[in-house]
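[1] With the sequence up front, the predicted model follows.
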Amino acid sequence: MNAKFWLNKKVFITGNTGFKGSWLSLILLELGAIIKGYSLKPPSSPSLFKILKLNKDFETTVGDLRNIDKLNTSINNFNPEIIIHLGAQSLVGESYRNPHDTYTTNFIGTLNLLESIRKRNSNVVFLNVTTDKCYQNKESDQGYSENDTLGGYDPYSNSKACSELISQSYRDSFFSNDEFKAYIATARSGNVIGGGDWSEERLIPDIIRSITSKKLLMVRNSSAIRPWQHVLDPLNGYLTLIENLYKNGPTYIGAWNFGPLKSDEKSVGSILKYFSNYFDGLTYQDNNKELFHETKVLKLDSSKSREKLGWNTLLSIHDSLNLTCNWYKHYLENPSKIKNITLDQIDSFIKLAHE
């Protein structure tokens, strides 16, 4: 998070009204970047984007990634140096209910962005943020590395593998020489947590809804193991990667994992236990009926990012859960102060990164 680098950089962000996009936008504003967003309306209510009042800080074009004309116009009018692609249909359950929308959003949306870059023929760094679920899952205890086979069982995971493959194809076909100086990379991170997520069918938002409604939480699979990490850690990885792409693109193109340390890969049950110790009134039980297929074990090998980017996770699972619980606690008690709390967490993280 190098403020000298990001000062006045023009950054186009898709999906900026979502959970991760809102955190990223606030970080870049703190670093002095000039931002333009392209996204659907906030996907949840409450919404972190609305809570932080980010609509007052920079312009967002409300649009669908599948609308190539509107997307092209928004990009060309802004003329960005950097494009960060977060826009997606990102819920596994929703991908089973609406596979067509999931595939067209995640594949065609990425295709439209890459086409826009190709036709502009100007210098740009493009980071496509996909998911740890894009790998062909083998229920292995070994972390997946960037060279492992892509696949994905469910429509969401598979559509993100498609997004990875089209990024690779465009990079190799159109941006592999000096004629087109577009440097393309993809980022695969773990199960991201943090304050301000209210997505449906995600563990932390479901926990908070259960606490506030005082209703029993039905858990899909408490024994499932995931690579949990606070949102600030992978975002730090994305920004580090982008800076290196911008300065020395050919060395840093390709795929990159940003996952937690092996010691921080925990079960769903352990996360539930932490929240139940932090908040009064959380009650939960396993829903033994499998609603849809989900990976039981999912781990990432992020040694490439650690060795070649010098990136490391700065927050342990304990730190990540504490920051997340603290954010929701403040929000539930005094929502008017929550932007200050969010900024404090960002500033503390930046200080930690510099140290």
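    That came through, no problem.
[2] any idea where the helices of the stretch 51-200 of the chain begin and end?
    68-78, 92-97, 99-103, 109-120, 155-174 (DSSP state H, counting those that start in this stretch).
[3] what's in contact with the last one?
    Residues outside helix 155-174 that contact it (C-beta atoms under 8 Å, 6 or more residues apart in numbering) are 88-92, 94-96, 99, 102-103, 105-107, 110-111, 114, 117-118, 126, 128, 130-131, 133-135, 137, 150-152, 180, 182, 184, 186, 253-255. C-betas here are computed from N, CA, C, even on glycine.
[4] same question, stretch 98-110
    Stretch 98-110 is contacted from outside by 14, 64-66, 85, 87-89, 94-95, 128, 155-156, 158-160, 162-163, 166-167, using C-beta under 8 Å, 6+ apart.
[5] Kindly reformat the helices of the stretch 51-200 of the chain as CSV and extend each row with mean pLDDT and distance to residue 287.
    Converted to CSV, the helices of the stretch 51-200 of the chain look like this (pLDDT from 0 to 100; distance: least, C-beta to C-beta, whole Å):
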stretch, mean pLDDT, distance to residue 287
helix 68-78, 97, 39
helix 92-97, 91, 13
helix 99-103, 96, 23
helix 109-120, 95, 32
helix 155-174, 94, 20
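[6] Between these, which one is closest to residue 227.
    helix 155-174 (14.4 Å; C-beta to C-beta).
[7] Please, which helix or strand holds residue 218?
    Assigned by DSSP states H and E, residue 218 belongs to strand 217-219.
[8] Show me the shaky parts of this protein.
    Residues of the chain meeting the criterion pLDDT under 70: 139-141, 178-180, 288-297.
[9] which residues in it form strands?
    Here the chain has its strands, by DSSP state E, at 10-14, 34-39, 59-62, 82-85, 124-129, 182-189, 191-193, 217-219, 225-230, 254-258, 265-267, 284-286.
[10] Report all helices and strands that the fifth one contacts.
    Counting by 3 or more C-beta pairs under 8 Å, 6 or more residues apart in numbering; DSSP states H and E, the packing neighbours recorded for strand 124-129 are strand 82-85, helix 109-120, helix 155-174, strand 182-189, helix 232-252.
[11] Show me what counts as buried in the strand holding residue 218.
    Residues 217, 219 are the ones in strand 217-219 that count as buried (16 or more other C-beta atoms under 10 Å).
[12] Name the residues that touch it?
    By C-beta under 8 Å, 6+ apart, the residues outside strand 217-219 that reach it are 203, 206-207, 210, 268-269, 272, 282-287.
[13] looking at these, which has the most residues close by?
    Neighbour tally across these (other C-beta atoms under 10 Å): the maximum, 24 neighbours, falls on residue 207.
[14] Let me see the contact set for that one.
    Here residue 207 is in contact with 217, 272, 275, 282, 284 (criterion: C-beta under 8 Å, 6+ apart).
[15] please redo it, this time with the cut-off set to 6 Å
    By C-beta atoms under 6 Å, 6 or more residues apart in numbering, the contact list for residue 207 reads residue 275.
[16] related to what we said a few turns ago, quick one: the helices and strands packed on strand 124-129 as TSV, columns for distance to residue 33 and mean neighbour count too.
    Below are the helices and strands packed on strand 124-129 laid out as TSV (distance: least, C-beta to C-beta, whole Å; neighbours: other C-beta atoms under 10 Å):
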stretch	distance to residue 33	mean neighbour count
strand 82-85	8	25
helix 109-120	19	20
helix 155-174	23	21
strand 182-189	18	24
helix 232-252	10	20
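[17] And the ones you listed: which comes nearest residue 30?
    Smallest distance to residue 30 across the helices and strands packed on strand 124-129 (C-beta to C-beta): 11.4 Å, for helix 232-252.
[18] quick one: the closest one to strand 182-189, angle?
    Using axes from the mean of the first three to the mean of the last three C-alpha atoms, to 10 degrees, the direction of helix 232-252 lies 140 degrees away from that of strand 182-189.
[19] Using PDB, write out every CA atom in helix 232-252.
    Included here for helix 232-252 are C-alpha records, laid out as PDB according to Å, rounded to 0.1, in the frame of the first residue of the first chain:
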ATOM      1  CA  LEU A 232      -7.400  -6.200   4.000                       C
ATOM      2  CA  ASP A 233      -4.800  -9.000   3.500                       C
ATOM      3  CA  PRO A 234      -5.800 -10.000  -0.100                       C
ATOM      4  CA  LEU A 235      -6.500  -6.400  -1.000                       C
ATOM      5  CA  ASN A 236      -2.900  -5.600   0.100                       C
ATOM      6  CA  GLY A 237      -1.800  -8.400  -2.200                       C
ATOM      7  CA  TYR A 238      -3.800  -7.100  -5.200                       C
ATOM      8  CA  LEU A 239      -2.400  -3.600  -4.800                       C
ATOM      9  CA  THR A 240       1.200  -5.000  -4.400                       C
ATOM     10  CA  LEU A 241       0.700  -7.100  -7.600                       C
ATOM     11  CA  ILE A 242      -0.700  -4.100  -9.500                       C
ATOM     12  CA  GLU A 243       2.200  -1.900  -8.600                       C
ATOM     13  CA  ASN A 244       4.700  -4.500  -9.800                       C
ATOM     14  CA  LEU A 245       2.700  -5.000 -13.000                       C
ATOM     15  CA  TYR A 246       2.700  -1.300 -13.600                       C
ATOM     16  CA  LYS A 247       6.400  -1.000 -13.100                       C
ATOM     17  CA  ASN A 248       7.600  -4.200 -14.700                       C
ATOM     18  CA  GLY A 249       4.600  -5.900 -16.400                       C
ATOM     19  CA  PRO A 250       6.100  -8.900 -18.200                       C
ATOM     20  CA  THR A 251       7.600 -10.300 -15.000                       C
ATOM     21  CA  TYR A 252       4.300 -10.300 -13.100                       C
END
